[in-house]
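Enquirer: need a structure here:
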Amino acid sequence: MSTTDIRQGSGSTRTAREADPGTTLPTPPASAPATTDDDPLTRVYGRVLDRDPARPAAHSTELAEELRLPLARVESAVSALLDMGLLRRTPERAVLPVAPDDAVQRTLGPLEREMRARRRHMERSREQLMAFMPLYESHLRRQTHLRQTEHVELLTDLRSVREAITELGRTCEREVLTAQPGGGRRAEVLEEAVARDEELLRRGVRMRMLYQHTARFSAGTCAYVERVGRLGAQVRTLDDEFMRLLVFDRTTAVIPVPDDPQAAVLIREPHVVAFMVGAYERLWLEALPFETEWDRQTIMDISDELKQTIVRLLTEGLTDAAIARRLGLSVRSCRRHVADVMSALGAESRFQAGYLLAQQETPAPRA
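Expert: Below you'll find the model as predicted:
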């Protein structure tokens, strides 16, 4: 029988075995497809192909007799070939052959159609889901902005800065760290601060304050330090400039905005605040206690330290005005200190003064 005959025979009717797109397709047995001549599937399928065209259909019993195989093995092979689509049943329960390419179309076609339908469904679902992406990205940007606002807040006017500091002081529970470079503080600033700071100290909040050495020569600053010191505040001073800041309960820091004395930045980012606290602790260890009682030796030591710092900064190329700003001095006081140092060292130039001062600090070699 020719392939054409097989196609005609297989296409004459559509049996119940033709799979519907929505049904689950049968799984061929592990022995299929056959690859050897003595395999039952190969022998049965080959025998059905070779039957007399006048009597193409065959029953399992006939095939078993013609192939000289046990009926059970033939029936098993016929069942497997029917599942594979290589055989089809006639109304009389006989079997006819089906061309392999027709079997592929009949068996795998529904699966391919289902796969294409699922692929189209996937694409539609992807488009529907991705349509929400702009909305999600907008939400993400808003959340990011909110988180940044929570961690960093810019206060652009002095009134907002004062209100924020007052509120932070009101809610502070444990500790306030203050770093105020620039020498003596202005009277109006001290007047505003002293009431707030005394209220904090009476509530049991610990306070530490850092000033520069030059603040010791400010009568207003000394009076303020004496008042808060009686309530337990600790105050120390350093010679050189440091960063201006306030830290409340080690959770919120207030720092100035460069070139804008009316503005400030509130920082609540934990890692940044922790870094600031660590820097503050290192400065605190280097600082000297602020004694409100005038001790002549302490004042002389501080004055000498200031003079050495001034000369060091001069040899680094800083101008008198820059040094004065850095140390919280007036330019006139800075120049007076420079003149005193040069006179004591017998130096004719600032560079020579720095050199002579360095020589004095270098230990003499052993004999």
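Enquirer: List the residue ranges of the stretch 51-200 of the chain that fall below the pLDDT cut-off.
Expert: Judged by pLDDT under 70, the stretch 51-200 of the chain has its weakly predicted residues at 144-149.
Enquirer: where do the helices sit along it?
Expert: In the stretch 51-200 of the chain, the segments counted as helices under DSSP state H, counting those that start in this stretch are 60-67, 71-84, 100-130, 133-151, 158-171, 187-202.
Enquirer: Check those helices for me and report the most buried one.
Expert: Highest mean neighbour count of the helices of the stretch 51-200 of the chain: helix 71-84, a mean of 19 (counted as mean count of other C-beta atoms under 10 Å). Every C-beta, even on glycine, is put in place using the N, C-alpha and C of the backbone.
Enquirer: hey, C-alpha coordinates of that helix in PDB?
Expert: Provided in PDB are the C-alpha atoms of helix 71-84 (Å, rounded to 0.1, in the frame of the first residue of the first chain):
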ATOM      1  CA  LEU A  71      -1.800 -12.100  21.200                       C
ATOM      2  CA  ALA A  72      -1.000 -10.100  24.400                       C
ATOM      3  CA  ARG A  73       2.100  -8.600  22.900                       C
ATOM      4  CA  VAL A  74       0.300  -7.700  19.600                       C
ATOM      5  CA  GLU A  75      -2.600  -6.100  21.500                       C
ATOM      6  CA  SER A  76      -0.100  -4.100  23.600                       C
ATOM      7  CA  ALA A  77       1.700  -2.900  20.500                       C
ATOM      8  CA  VAL A  78      -1.600  -2.000  18.800                       C
ATOM      9  CA  SER A  79      -2.600   0.000  21.800                       C
ATOM     10  CA  ALA A  80       0.700   1.900  21.800                       C
ATOM     11  CA  LEU A  81       0.500   2.600  18.000                       C
ATOM     12  CA  LEU A  82      -3.100   3.800  18.500                       C
ATOM     13  CA  ASP A  83      -1.900   6.200  21.200                       C
ATOM     14  CA  MET A  84       0.900   7.400  19.000                       C
END
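Enquirer: What is it packed up against?
Expert: Using 3 or more C-beta pairs under 8 Å, 6 or more residues apart in numbering; DSSP states H and E as the contact test, the elements touching helix 71-84 are helix 40-49, helix 60-67, strand 87-89, strand 95-97.
Enquirer: on that earlier part again, how about TSV for the helices of the stretch 51-200 of the chain, with distance to Glu269 added?
Expert: Converted to TSV, the helices of the stretch 51-200 of the chain look like this (distance: least, C-beta to C-beta, whole Å):
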stretch	distance to Glu269
helix 60-67	82
helix 71-84	68
helix 100-130	34
helix 133-151	4
helix 158-171	16
helix 187-202	24
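Enquirer: how about Phe242, phi and psi?
Expert: For Phe242, the backbone dihedrals (degrees, to the nearest 10) come out as phi -150, psi 180.
Enquirer: Help me confirm that it comes into contact with Leu283.
Expert: Yes - in terms of C-beta atoms under 8 Å, Phe242 counts as a neighbour of Leu283; the distance is 5.6 Å.
Enquirer: what is in contact with the two at once?
Expert: Ala179, Leu210 (C-beta atoms under 8 Å, 6 or more residues apart in numbering).
Enquirer: hang on, the earlier thing: nearest to Arg196, out of the helices and strands packed on helix 71-84?
Expert: helix 40-49 (96.5 Å; C-beta to C-beta).
Enquirer: Can you point out the buried residues in that closest one?
Expert: Pro40, Leu41, Thr42, Arg43, Val44, Tyr45, Arg47, Val48, Leu49 (16 or more other C-beta atoms under 10 Å).
Enquirer: pLDDT at the fourth one, what is it?
Expert: The score at Arg43 is 90. That number is its pLDDT.
Enquirer: So which residues of the stretch 251-367 of the chain form strands?
Expert: For the stretch 251-367 of the chain, the strands defined by DSSP state E, counting those that start in this stretch cover 252-257, 260-267, 288-289.
Enquirer: Out of those strands, which is the most enclosed?
Expert: Mean neighbour counts were taken over the strands of the stretch 251-367 of the chain using mean count of other C-beta under 10 Å, and the top value, a mean of 18, falls to strand 252-257.
Enquirer: packing partners for it?
Expert: helix 158-171, strand 245-248, strand 260-267, helix 270-286.
Enquirer: mind checking which of the ones you listed is nearest Tyr211?
Expert: When those are compared by C-beta to C-beta, helix 270-286 sits nearest Tyr211, at 11.1 Å.
Enquirer: Please put the alpha-carbon coordinates of that closest one into CSV.
Expert: This file holds the C-alpha atoms of helix 270-286, laid out as CSV (Å, rounded to 0.1, in the frame of the first residue of the first chain):
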residue,chain,number,x,y,z
PRO,A,270,21.9,57.1,61.5
HIS,A,271,25.3,56.3,59.9
VAL,A,272,26.1,59.9,59.2
VAL,A,273,25.1,61.0,62.7
ALA,A,274,27.2,58.2,64.1
PHE,A,275,30.2,59.4,62.1
MET,A,276,29.7,62.9,63.5
VAL,A,277,29.5,61.6,67.0
GLY,A,278,32.7,59.6,66.5
ALA,A,279,34.5,62.7,65.2
TYR,A,280,33.2,64.7,68.2
GLU,A,281,34.5,62.2,70.7
ARG,A,282,38.0,62.4,69.2
LEU,A,283,38.0,66.2,69.5
TRP,A,284,36.7,66.0,73.0
LEU,A,285,39.7,63.8,74.1
GLU,A,286,42.1,66.4,72.7
